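Asker: let's see this in three dimensions:
(2 chains)
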Protein chains: 2
Amino acid sequence: MVSLIGYYTTQFGELWDRSLSDLIKEAIFGVLRNTGLEKSQIDAIFFGNMLAGILENNLHSPSKIAEIMGVNIPIFRAESACASGGVAFHLAKNYLEANSNKTVLVIGAEKMTDYSPEETTSALASAASGEEQEAGLTFPGLYAMMANYYLEKYDSTEEDLAYVSYKNHYHGSLNEKAQFRKIVSVEQVLKSPYVAYPLKVLDCCAASDGASAVILTNHNAVKKKSKYSVNVLASEVATDTISLKERKRLDEVLATKFAADKAFLNSKINRKKINVAEVHDCFSIAEVLALEDLGFWKKGEGGKKTKELSTIHGSNGDLIVNTSGGLKAAGHPVGATGIKQIGEIYLQLTVQATNRQVKNARYGLAHNVGGSGGTAVVTILGV
Amino acid sequence: MVSLIGYYTTQFGELWDRSLSDLIKEAIFGVLRNTGLEKSQIDAIFFGNMLAGILENNLHSPSKIAEIMGVNIPIFRAESACASGGVAFHLAKNYLEANSNKTVLVIGAEKMTDYSPEETTSALASAASGEEQEAGLTFPGLYAMMANYYLEKYDSTEEDLAYVSYKNHYHGSLNEKAQFRKIVSVEQVLKSPYVAYPLKVLDCCAASDGASAVILTNHNAVKKKSKYSVNVLASEVATDTISLKERKRLDEVLATKFAADKAFLNSKINRKKINVAEVHDCFSIAEVLALEDLGFWKKGEGGKKTKELSTIHGSNGDLIVNTSGGLKAAGHPVGATGIKQIGEIYLQLTVQATNRQVKNARYGLAHNVGGSGGTAVVTILGV
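Answerer: Below is the predicted model of the structure:
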């Protein structure tokens, strides 16, 4: 069994005084410090990053990390758009399943705010199909198409979606590493300007800088010395067409369904046992689709359920969602997000989540999506 | 034991009428056809690519491949500069070691020739350190520094290096998939214009388009049906500093040494047993360094050894090197190279190498490098 024994995340936000290397360095040495491990105890590193190539002509990060850390070990970079972090984690788990008595570091990092909005938006569009890019479709536009279809089909409203942002901003207010710590009301969300109808500014996550790291091990001696440890019960990856037009339905993300079904099957954990989840809320509609596609809610009831606020911290709901603030309020440094999600679940399961701690959390799920759903990663952790 | 059961490569060259997707599609369906497998028999795909993000704003290739192939399976993109293909292969082997009865496809692809030389050169420089980029150092410049140091230290000559290009162009003339099939003389190499002293045009590989794919399996039923199969005895990855200035020596590539030592140790194969090798000859000096750092030649004797031409097809040397034509003559579509190298060894060991077949080849090695040596992958195959 693979154990997750430590987590560190930098502040998420507009970190104009920090380079990508600075953030990577802070996260690597931060997680080593948190676990009390020496760098010589790390056997391999898995790194999730999306945009450094396009935005700063910066590739070959495995070698750059080797230099930062002063090691010659195997280092791997995974890129699956905004699912890069989750995919890096999956490959790391895989590495441990193939090699006994090893300890690996998984890090995700992204630097997005040193560029103009046009540059960042164009770079992010690289995760869509060429045809979608040529048509001028950016991600708010793609998710707006899904939102319009969903709201129309299931008689949901923009107000329903606004509750996602309200909840996640409330959670963000409890997370000192979050980019946005300001509570916003449903009314403020509804009054914010449209980005792509029906999605408004406060339905959309922002561009962020940040890096997050975890350490995984199957080394018994390392496990025994760990103060805070959780089991990695499943990590599954599925893919789907890059183009929305090639999909049969716009109201579901098939890759999420496939990855979730496999994760629940392999971990033998019933969905009802999950107490906390971090789901990929790049847009408010995405959280609604995620909770349905993961099998927590029935298809079409998400709008109503969202408005009930059963997933907010402090409610008596069985499943609390996005206590980190989600992508919406914690921020979305795309390569880091998948690791931050898993890290937040780790904090909850090891009772280190301070003022946003969910009581008696024993099982948690992280859900990381690339693009408009072309890749999905579902990870299940338990104590 | 992981078996390699099939290989396909597209033509390498300036393929202006083919897109990256076209090349990926041809390689995927080509290798499926060569192995007689259906796409439904593939459990996962590993993809090596370096430049699509920078050159054509094209990321999230896992989802793009899912659409091309019509599948929802896990797909992973590895990026380690020019070692992306070799690293993808390593991760695929790892996946099979973690999962029984699976069959995976590994593909590398790159599209480099639709852009101006300035654009391609700048994109390739992303595999160097930021400081090296700012100093205007491109890869010919970085390898020229290594070449100058080596020639001076070991009293070698430009003529010694020219024999690498002569040999590899001769091999390329025997490979119908090679970009350059023209034989060049040592004199022609020496008379070609300098790119970065002492490296001349004919010491340097070109920019290329191409895609190569192999299929790996640990599924017994699939193995049994395979007509041509070899064993993957080792695949090891090591890293080093990105910056030349951070290295202790300029006359060796430490990552190659680490990866090779581990590969020979783990496979329990003696170096002397290797009959054929594909080594990373992005520049003539790189082949000399590789054969020394892999442990086939003593440090410093490479210049003299090269001139003896003991590694050319048809000689009675024990080790024949770069029968594909190497990066120099076969071409270097960077993400594809690592897979093409492994594929060439596969062709040799399964006696499918036609007019460039090496007699009684039982063990082979592929050596793939990222950047100026920040990443190295060493793979050993045997029958």
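Asker: skipping its backbone neighbours, what lies nearest residue A:119 in space?
Answerer: residue A:55 (6.8 Å; Cβ to Cβ, 6 or more residues apart in numbering or on different chains). Glycine gets a C-beta too; all of them are placed from N, C-alpha and C.
Asker: quick one: contacts for that neighbour?
Answerer: Contacts here follow Cβ atoms under 8 Å, 6 or more residues apart in numbering or on different chains; on that basis residue A:55 touches A:111, A:112, A:114, A:115, A:119, A:120, A:123.
Asker: ok, the third one touching residue A:15?
Answerer: So the one you mean is residue A:114. No. Contact criterion Cβ atoms under 8 Å: residue A:114 and residue A:15 do not qualify, at 9.0 Å.
Asker: ok, the two, which is more surrounded?
Answerer: Higher neighbour count among residue A:114 and residue A:15: residue A:15, with 22 against 17, using other Cβ atoms under 10 Å in any protein chain shown.
Asker: list the contacts of residue A:363.
Answerer: For residue A:363, the contact set (Cβ under 8 Å, 6+ apart) comprises A:233, A:269, A:273, A:274, A:275, A:276, A:349, A:380, A:381, A:382, A:383.
Asker: which of these count as buried?
Answerer: Neighbour counting with 16 or more other Cβ atoms under 10 Å in any protein chain shown marks A:233, A:269, A:273, A:274, A:275, A:276, A:349, A:380, A:381, A:382 as buried within the contacts of residue A:363.
Asker: got the phi and psi for the first one?
Answerer: Going back to what we said before, that points to residue A:233. phi -90, psi -30 (degrees, to the nearest 10).
Asker: state the distance from it to chain B.
Answerer: 15 Å (Cβ to the nearest Cβ, to the nearest Å).
Asker: equivalent analysis for the last one, please.
Answerer: Using Cβ to the nearest Cβ, one gets 20 Å for the distance from residue A:382 to chain B.
Asker: is it true that that residue touches residue A:230?
Answerer: Yes. Judged on Cβ under 8 Å, residue A:382 makes contact with residue A:230 at a distance of 6.6 Å.
Asker: what parts of the stretch 101-250 of chain A come near chain B?
Answerer: Contact residues, the stretch 101-250 of chain A versus chain B (Cβ under 8 Å from any Cβ of the partner chain): A:122-123, A:125-130, A:133, A:236-243, A:246.
Asker: in helices only, show me these.
Answerer: A:122, A:123, A:130, A:133 (DSSP state H).
Asker: what's the spacing between the last one and residue B:174?
Answerer: Note on residue A:133: its distance to residue B:174, by Cβ to Cβ, to the nearest Å, is 42 Å.
Asker: what does residue A:369 give?
Answerer: Distance, residue A:369 to residue B:174, using Cβ to Cβ: 48 Å.
Asker: which one of these two is surrounded by more residues?
Answerer: Neighbours were counted for residue A:369 and for residue B:174 using other Cβ under 10 Å; residue A:369 has more, 31 against 20.
Asker: apart from its chain neighbours, what residue comes closest to that one?
Answerer: Closest residue in space to residue A:369, ignoring its immediate chain neighbours: residue A:280 at 4.0 Å, by Cβ to Cβ, 6+ apart.
Asker: can you count the residues close to the one you found?
Answerer: Residue A:280 - counted by other Cβ under 10 Å - has 30 other residues nearby.
Asker: make sure it is indeed in a strand.
Answerer: No. Membership of residue A:280 in a strand is not supported by DSSP: H, G, I helix; E, B strand; the rest coil, which gives coil.
Asker: tell me the contacts of it?
Answerer: Contacts for residue A:280 (Cβ under 8 Å, 6+ apart) come out as A:82, A:286, A:287, A:290, A:327, A:337, A:341, A:367, A:368, A:369, A:376.
Asker: could the residues you listed go into a markdown table alongside pLDDT and secondary structure?
Answerer: Below are the contacts of residue A:280 laid out as a markdown table (pLDDT from 0 to 100; DSSP: H, G, I helix; E, B strand; the rest coil):
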| residue | pLDDT | secondary structure |
| --- | --- | --- |
| A:82 | 98 | strand |
| A:286 | 98 | helix |
| A:287 | 98 | helix |
| A:290 | 98 | helix |
| A:327 | 98 | helix |
| A:337 | 98 | helix |
| A:341 | 98 | helix |
| A:367 | 98 | strand |
| A:368 | 98 | strand |
| A:369 | 98 | strand |
| A:376 | 98 | strand |
